[in-house]
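Peer 1: Pasted the sequence and its predicted model underneath.
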Amino acid sequence: MLLEGSCHCNAVGFSLESHTPYPYMRCYCSICRKTQGGGGYAINIMGLADTLQIRGKPNISVYRVKLKSSGGGRVSSARRHFCGRCGSALWVSDPNWPDLVHPFASAIDTPLPKPPQTVHIFVDSAAPWVTIPHGIKDVNFAEYPDLAIIDWHRAHHLVTD
């Protein structure tokens, strides 16, 4: 599925192909919550890095998180791309997975398919004011689950061509 996205001020636009376009996973970790999440969480999907086309590259800034849990404050290998003009979070990339790019669902302009289930991750890190749903279609994890984005899509027969 071709996904098209942009920042709020339209200084950056992008497109990429995704076989896993269902925005099913909400991350409540402090990194996502503070760098992206309007509802106290962020939602990324997955796309193919070699299909990423970008308009407005000079307006893109990159943030690399300093990880507190590593003791010495190691810098994460993940790169969080955002618009340097309006601050909109756009996507995450990581040289450890060079074939993938993870756009934030909030930056996607293409209508995304509604997932049949919502997976809430890092719920132990949620802000105290956030209410995490516990319905029939909600699955909650204290940290990151063993099931990768592609695996979830396969398990639900939702991988697109």
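Peer 2: Sure thing, it's come through.
Peer 1: just to confirm, which helix or strand has the residue lying closest to Asn96 once chain neighbours are set aside in it?
Peer 2: Leaving aside its sequence neighbours, Asn96 sits nearest to Ser77 (CB to CB, 6 or more residues apart in numbering; 5.6 Å). Glycine gets a C-beta too; all of them are placed from N, C-alpha and C. Ser77 is part of no helix or strand when elements are defined by DSSP states H and E.
Peer 1: List the buried residues of the helix or strand of the chain with the lowest mean pLDDT.
Peer 2: Ranked by mean pLDDT, DSSP states H and E, the weakest helix or strand in the chain is helix 30-35, scoring a mean of 86. Buried residues in helix 30-35, counting neighbours by 16 or more other CB atoms under 10 Å, are found at Ile31, Cys32, Arg33, Thr35.
Peer 1: what does stretch 125-142 give?
Peer 2: Across stretch 125-142, burial judged by 16+ other CB under 10 Å covers Ser125, Ala126, Val130, Val139, Asn140, Phe141.
Peer 1: Same check on stretch 115-126?
Peer 2: Within stretch 115-126, the residues scored as buried using 16+ other CB under 10 Å are Pro115, Thr118, Val119, His120, Ile121, Phe122, Val123, Ser125, Ala126.
Peer 1: Show me these that map onto strands.
Peer 2: Counted as lying in strands by DSSP state E, out of the buried residues of stretch 115-126, are Thr118, Val119, His120, Ile121.
Peer 1: thinking again about what came up before, can you tell me which residues contact the residue nearest to Asn96?
Peer 2: Contacts for Ser77 were tallied using CB atoms under 8 Å, 6 or more residues apart in numbering; they are Arg64, Asp94, Pro95, Asn96.
Peer 1: rerun that using 10 Å as the cut-off
Peer 2: Arg64, Val65, Leu67, Ser93, Asp94, Pro95, Asn96, Trp97 (CB atoms under 10 Å, 6 or more residues apart in numbering).
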